[in-house]
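In: Turn this into a model:
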Amino acid sequence: MLRSLRIRPSVLSTLLFASLAVPLLPSCAGDQFGGESGGGDCIEASRTILGVDEELPLGFSAQDVLGFAATTFEIPFSLSLPPTDEYSGLELVPEGETTLTLTIESADEEVVLVDQEPDPNGNGGVDCFDYVEIDAELTLVTDNDAFDDTLPVVLRAPHAASADVTVNLDPGSMNGSFDLTENDELVVASITNPPEDWQLDRVPLELRFSPEHVFGRIGALYTATYPGDDVPFDALVTLWQLEDELAGACYEEDFGGPIDGGQAVSHFGELLTETPSLSIHFTSGGVSDLELEATFVPEAEFCLVPVSVPVLVVEGDVVLSRDGEPFATWGMQASTRYADDGELESIVLTAGAHLSQPFDADDVTSTLGDFGTDLTTHEEAAALVWLDWTATDGWHGELHLEADLQVLAQATVTEVE
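Out: Sure thing, here's the model as predicted:
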């Protein structure tokens, strides 16, 4: 199936990696988006050969991955060098905008399950995620003849809706006209006291696939060492990038697959938009308890973020009312967690509103809600809540009233049965 992609701005990039403490696959699996592991804290414990249709201990089969990754994409493509005041000494051909047709194919009946464990000699404190490796072929064709090549690759998939590929290109030695040459000594202006004698280490093409989405980058990785130092120093020159590498694949409708029975988007949205009543019991600060009706209003797009476990995130609003009257509207950010079998385990929702002086009592009431606490004497004030949903006990969490970064009152929040 041929897919022509619409390019959109990066969505939720701040949320994805500020709020989710989930390591990317590259941190353990090697040279993929983000480069190689800096600490080498994960090592391969075992490699097990399994059938392509066989369900993995990860909760999916390799065929589930091929269902979205083994396809053809048409994407905008443009090779270019950074400004010469940032990098110099390189010559790239061909430059200019064109269209790249990218195809992944695999006929292998067997795949490899890679089991990872923390390196006993590493830094510790890391999560090492297992993944499946699928041998495949990648075909690259551009309208301007920069590429006309088929290359062997390995798809690496940590979960049922994401797969990564990294393949090193060989400038000047491929069927297409793509070439990168050094016409002078490489200079990297952004590095203070840079090392000398840079060497081109490799030119990696990095791709990440999710259902109906692909993200990509071509970079030239240069290395050098300082005198007396055996540790190489790296500099990456980006030659092409499709979208922000931290962006997620975003959906307005279900994208299928085994995650949450193929209804990950609609189920997540239903759980957010069902309107609960919340009991707020203050355990400090002398504020009276209250009950609010909360209406969760997510935005249209739910984004599958590029981490080593399947996570959907969405932004929107929490509209609060009391006895049918408006109380406040807070911005919300919500994310999911799924079990190994793809079932939805929990939703974490964070919401809040902030004020900075000048503001008055009306501002507090309309923005934060009327909790009966005088916040107008402070420079900054906020109402912050986190809620956790699980199938067994519904919504529960905490609410903080803050002023000048100090917690004035704290409450437990539970769903009214």
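
In: Just list the residues touching Phe296, thanks.
Out: By Cβ atoms under 8 Å, 6 or more residues apart in numbering, Phe296 lies in contact with Leu272, Thr273, Glu274, Thr275, Gly316, Asp317, Val318, Met332, Ala334, Leu349. For every residue, glycine as well, the C-beta is placed using N, CA and C.

In: Doesn't the fourth one lie inside a strand?
Out: No - counting by DSSP: H, G, I helix; E, B strand; the rest coil, Thr275 is not found in a strand; it is coil.

In: Nearest residue to Asp254 in space, please, no chain neighbours.
Out: Val265 (4.8 Å; Cβ to Cβ, 6 or more residues apart in numbering).

In: hey, where'd the helices end up in the stretch 51-200 of the chain?
Out: Assigned by DSSP state H, counting those that start in this stretch, the stretch 51-200 of the chain shows helices spanning 62-69.

In: Below-threshold pLDDT in it: ranges please.
Out: By pLDDT under 70, the weakly predicted segments of the stretch 51-200 of the chain are 85-86, 194.

In: Mind giving me the ChimeraX select for the contacts of Phe296, buried ones only?
Out: Restricted to buried positions by 16 or more other Cβ atoms under 10 Å, the ChimeraX selection for those reads:
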select :272,316,318,332,334,349
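
In: Tabulate the contacts of Phe296 (JSON lines), appending pLDDT and distance to Trp386.
Out: Shown next, in JSON lines, are these (pLDDT from 0 to 100; distance: Cβ to Cβ, whole Å):
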{"residue": "Leu272", "pLDDT": "94", "distance to Trp386": "14"}
{"residue": "Thr273", "pLDDT": "92", "distance to Trp386": "19"}
{"residue": "Glu274", "pLDDT": "89", "distance to Trp386": "18"}
{"residue": "Thr275", "pLDDT": "85", "distance to Trp386": "19"}
{"residue": "Gly316", "pLDDT": "96", "distance to Trp386": "15"}
{"residue": "Asp317", "pLDDT": "95", "distance to Trp386": "16"}
{"residue": "Val318", "pLDDT": "94", "distance to Trp386": "11"}
{"residue": "Met332", "pLDDT": "96", "distance to Trp386": "10"}
{"residue": "Ala334", "pLDDT": "97", "distance to Trp386": "10"}
{"residue": "Leu349", "pLDDT": "96", "distance to Trp386": "7"}
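
In: which one of the contacts of Phe296 is nearest Pro158?
Out: Distance to Pro158 across these (Cβ to Cβ) is lowest for Ala334, with 22.1 Å.

In: Quick check: what element follows whichever strand or helix holds Phe268 along the chain?
Out: Using DSSP states H and E, the element containing Phe268 is helix 264-273. Downstream of helix 264-273, the next assigned helix or strand under DSSP H and E is strand 277-284.

In: centre of the chain versus that following strand, how much separation?
Out: Here strand 277-284 shows a centroid-to-chain-centroid distance of 33 Å under the convention Cα atoms, centre = their mean, to the nearest Å.

In: And for stretch 298-314?
Out: 8 Å.

In: rewinding a little: just to check, the residue nearest to Asp254 is in contact with Ala249?
Out: No - with contact defined as Cβ atoms under 8 Å, Val265 does not reach Ala249; the gap is 11.2 Å.

In: Need the residues touching each of these two.
Out: Residues touching both Val265 and Ala249 by Cβ under 8 Å, 6+ apart: Phe255.

In: Just give me the closest of the contacts of Phe296 to Glu105.
Out: Out of those, the member with the shortest distance to Glu105 (by Cβ to Cβ) is Ala334, at 36.9 Å.

In: For that closest one, list each beta-bridge partner.
Out: Note on Ala334: beta-bridge partners Val314, Leu349, judged by DSSP bridges.

In: Please list all residues in contact with it.
Out: Contacts for Ala334 (Cβ under 8 Å, 6+ apart) come out as Phe268, Leu272, Phe296, Pro298, Val313, Val314, Glu315, Gly316, Ile347, Val348, Leu349, Thr350.

In: coming back round to it: got the contact list for the helix holding Phe268?
Out: Applying Cβ under 8 Å, 6+ apart, the external contacts of helix 264-273 come out as 251-255, 257, 260-261, 295-298, 302, 304, 310, 312, 314, 316, 334, 336, 338, 344, 347, 349, 389.

In: What's the PyMOL syntax to select whichever of the residues you listed are buried?
Out: Here is the PyMOL command that selects the buried residues among the contacts of helix 264-273 (16+ other Cβ under 10 Å):
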select buried, resi 251+254+255+257+260+296+298+302+304+310+312+314+316+334+336+338+344+347+349+389
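
In: from the contacts of helix 264-273, which ones fall inside helices?
Out: Judged by DSSP state H, helices contain none of those.

In: Would you mind splitting the chain into its domains for me?
Out: For the chain, automatic domain parsing gives the domain ranges 8-247, 259-415.

In: Kindly check the end-to-end length of the shortest one for me.
Out: Using Cα to Cα, to the nearest Å, one end of domain 259-415 lies 26 Å from the other.

In: what about stretch 262-271, average pLDDT?
Out: Mean pLDDT, stretch 262-271: 95.

In: which of the residues in it are buried?
Out: Gln263, Ala264, Val265, His267, Phe268, Gly269, Leu271.

In: likewise stretch 159-172?
Out: So, applying 16+ other Cβ under 10 Å, buried residues of stretch 159-172: His159, Ala160, Ala161, Ser162, Ala163, Asp164, Val165, Thr166, Val167, Leu169.
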